[in-house]
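Enquirer: From the sequence below, what's the structure:
(one chain, ligands or ions: 1)
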Amino acid sequence: MNENVFPKNFLWGSSSASNQIEGAWNEGGKGLETTDFVKYVEVSDRAAGETTFSVTKKQLEEYRTHPEKYNFPKRRGNDFYHRYKEDIKLMAEMGLKAFRMSISWARIYPTGFEKIPNEEGLAFYDQVFDECKKQGIEPVVTMSHYDFPIEITTKLNGFESRETVFLFVKLAKTLLERFHSKVKYWIIFNECNMVFHAPYPCCGAMIDNTELSEMQLKFQCAYHQLLASALVIDEGRKIDKTLLFGNMLSKSVYYPATTKPEDNLQQQFDIAMDNWLTDTQVWGTFPYYMNRFFSEAKIKLPIMCNDLEALRKGTIDFFTFSYYCSVLCNYEETGLKLHTTDLTSKYKNEYLKFSKWEWAIDPIGLRIALHQIYDRYHLPVLVSECGLGAYDKVEVDGTVKDDYRIDYLKEHILQLKESIKDGVDVFGFFTWSYADIVSQTTSEFSKRYGFIYVDCDDYGHGTFERLPKKSYFWYKKVIASNGENLDEA
Ligand code: BG6
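Expert: Predicted structure coming up:
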C-alpha cells in the first residue's frame with residue numbers, strides 16, 4: 001500500500017565534494033589547495049599509525065619539494081571536471097532530484113588573495129549548474145568542503161586568522177552574485193565540528209604552523225568559521241532574499257559506552273560540544289556551559305566588536321547533517337575529553353555490525369539523530385550525506401552486485417520514514433555519493449560509496465569509465481516511487 005509518507009517535492013539526492021571528484025588539479029587556472037597535498041597511505045603504513053587526513057608544515061614542505069615521490073589521489077578525483085555532462089546525465093536517468101556538490105575555492109581565487117576572480121573557474125561552475133538545470137536536477141552547493149588555497153594555509157594558517165574570514169566572505173560574495181539565479185540552496189561549510197578532529201581539512205590549519213596550543217587553535221578556527229558563515233548569510237540575504245542557507249554537522253550519534261554515570265556525562269559533553277557550534281548557527285548565541293569550559297581549558301575566543309551582532313544576524317534557514325554511524329563515549333580517568341568525531345572509539349557496540357572500515361552500521365541512529373536535531377531547533381532538516389564505503393567488484397558478467405549498499409540505504413530510508421511519520425520536518429535525503437570518488441579520510445579510491453562504478457584504483461590506474469551498479473537501479477525505483485518502493489531492483 002502506498003502510504004505517501006514522503007512530501008511531494010522531497011529532494012532525493014546524492015552528494016559529493018569538489019576535491020574528491022573534480023581532478024584537473026592544475027587546469028582551468030586553478031591554484032593549489034590543501035587536498036592536493038594529501039597523499040595516499042598504504043594500508044600497512046596506516047596500520048602503523050601514519051595519518052591519512054591531516055598534513056603538517058614539515059610534511060607539506062617535503063611534498064612540495066618531492067611531489068614525484070607521492071601519490072595524491074585528490075588531484076585526480078573521479079575526473080568529474082572532464083566528465084560532468086556524462087555524470088549529470090546518468091544522475092538524471094536515475095531520477096535524481098538534487099545533486100550536492102561543492103566549489104573549489106582555488107578554482108575561483110587561486111591563492112585566495114587575488115582581487116579579481118578566475119573567470120575560467122566561474123565558467124566551469126556555470127556550465128555544471130546549466131547542465132543540472134537542463135537535466136531537471138536541483139544543485140545544492142557547499143561553499144567550502146574541506147579545501148583551501150594552500151597559500152591561505154601557509155601564510156595565515158587557515159581559519160586561525162581573522163583575515164581568512166574576510167577572504168572567505170569575498171569568495172562567497174563572488175559566488176552568490178554570480179550564481180544566485182541558478183542555486184537556491186547554499187551550505188556554507190561542510191561538517192563544522194570536524195575541526196576538533198582534523199583542523200587541516202576542516203579549517204586549513206596545520207598544528208605545527210602556529211604559536212597557539214592545539215585546543216586554542218581548534219576553537220579559534222571554529223569561531224572564525226562561525227563568524228564567516230554568519231557574515232556570508234547576511235551578505236547573501238542582501239544579494240537575493242529568496243536564497244536559503246544551511247549549516248552542516250557531522251552527526252555521529254553518541255551512546256554512553258556503559259551505564260556508568262561518568263560515561264553518560266561524557267556523552268552529554270560530546271553532544272554539548274556539537275551544540276555549541278549549532279546553537280550559534282541557529283540562534284546566534286553561545287550556550288551557557290561554554291564559559292566554564294573556555295575558562296578551564298584556557299581558550300580565549302577572538303571576539304571583536306560587532307561580532308556578536310553579526311552572529312545573531314546571520315543565522316541559518318535549514319539544518320543539514322551527515323550521518324554514517326553511531327559511536328560510544330567512554331569517560332577516562334583524566335576527565336572529560338574532547339573526542340567528538342572519533343568514529344572508531346575503543347569500545348565496540350556489540351549490537352551493531354561494522355563496515356570494513358570499522359564504522360558502526362546503525363540505521364536507528366539516523367532516527368535518533370533526526371529527533372535530536374529537530375527537537376532542539378525546529379528547523380527544516382536535510383540529511384546531506386549517508387552511505388556505505390565498501391570494496392566493490394565487477395563480476396565477469398560486467399555487473400556490480402552491491403546488495404550490501406542497497407541493504408544499508410534501505411534500512412536508513414526506513415528509519416527516515418519513521419522519523420517523518422514521527423513529525424520531523426525532513427525535506428531531503430542525500431546519499432554519499434552519486435559515483436565512486438576519492439575517500440576523504442583515507443584517500444583510497446577502493447573505499448567505494450557510489451551508485452556508479454568508476455574504473456580507477458588507488459593509484460589512478462584505469463579508464464575512469466562509468467558503470468551503473470545494482471544500487472543505481474534500486475535507487476531509481478526508490479525515487480520513482482517517492483520512497484515507497486524499497487524492494488530490490
Ligand atoms: C564526510 C565528508 O565526513 O564523510 C565526506 O563530508 C567524506 O567528504 C565522507 O567523503 C565519507 O568519509 P570517507 O573518509 O569514507 O570518504
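Enquirer: When you work out contacts or count neighbours from here on, use the C-alpha atoms and nothing else.
Expert: Fine.
Enquirer: For F321, see how far away the residue lying closest to S419 once chain neighbours are set aside is.
Expert: Spatial nearest neighbour of S419, chain neighbours left out: R367 (5.6 Å); criterion: C-alpha to C-alpha, 6 or more residues apart in numbering. Counting by C-alpha to C-alpha, to the nearest Å, the separation of R367 from F321 is 13 Å.
Enquirer: Tell me where the stretch 51-200 of the chain has strands.
Expert: Along the stretch 51-200 of the chain, counting by DSSP state E, counting those that start in this stretch, strands occupy 98-102, 138-144, 185-189.
Enquirer: Those into JSON lines, with extra columns for distance to the ligand?
Expert: Compiled in JSON lines, the strands of the stretch 51-200 of the chain are given as follows (distance: least, C-alpha to the nearest ligand atom, whole Å):
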{"stretch": "strand 98-102", "distance to the ligand": "10"}
{"stretch": "strand 138-144", "distance to the ligand": "10"}
{"stretch": "strand 185-189", "distance to the ligand": "10"}
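Enquirer: how about the ones you listed in JSON lines, adding distance to T442 and mean pLDDT?
Expert: As requested, the strands of the stretch 51-200 of the chain are arranged in JSON lines below (distance: least, C-alpha to C-alpha, whole Å; pLDDT from 0 to 100):
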{"stretch": "strand 98-102", "distance to T442": "19", "mean pLDDT": "98"}
{"stretch": "strand 138-144", "distance to T442": "19", "mean pLDDT": "98"}
{"stretch": "strand 185-189", "distance to T442": "21", "mean pLDDT": "98"}
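Enquirer: Can you pull up the most central residue in the chain?
Expert: N190 (4.3 Å; C-alpha atoms, centre = their mean).
Enquirer: if I read this right, that one contacts N247, doesn't it?
Expert: Yes - taking C-alpha atoms under 8 Å as the contact criterion, N190 and N247 are neighbours in contact, 7.5 Å apart.
Enquirer: show me what contacts V232?
Expert: Under the criterion of C-alpha atoms under 8 Å, 6 or more residues apart in numbering, the contact partners of V232 comprise V169, A172, K173, I188, G314.
Enquirer: Kindly report the same for Y223.
Expert: Contacts of Y223 were listed using C-alpha under 8 Å, 6+ apart, and they are L301, P302.
Enquirer: With C221 instead?
Expert: So, once contact is read as C-alpha under 8 Å, 6+ apart, C221 ends up touching G158, F159, E160, S161, V195, P199, C203, A205.
Enquirer: Tell me which of those fall in helices.
Expert: P199, C203 (DSSP state H).
Enquirer: now, the most widely separated pair of the contacts of C221?
Expert: S161 and V195 (14.6 Å; C-alpha to C-alpha).
Enquirer: what residues are up against H412?
Expert: With contact taken as C-alpha under 8 Å, 6+ apart, H412 is in contact with P363, I364, L366.
Enquirer: Tell me which helix or strand it sits in.
Expert: Secondary-structure assignment from DSSP states H and E places H412 in helix 403-422.
Enquirer: Next SSE downstream of that helix?
Expert: Scanning forward in sequence from helix 403-422, with DSSP H and E defining helices and strands, the next element found is strand 426-432.
Enquirer: Output the contacting helices and strands for that following strand.
Expert: Packed against strand 426-432, as judged by 3 or more C-alpha pairs under 8 Å, 6 or more residues apart in numbering; DSSP states H and E, are the following elements: strand 11-15, strand 381-385.
Enquirer: can you give me the offset of that strand from its chain's centre?
Expert: The chain centroid and the centroid of strand 426-432 are separated by 13 Å under C-alpha atoms, centre = their mean, to the nearest Å.
Enquirer: one step back: any idea which of the contacts of C221 has the most stuff around it?
Expert: Each of these was scored by neighbour count (other C-alpha atoms under 10 Å); the top score is that of A205, with 32 neighbours.
Enquirer: Lovely, talk soon.
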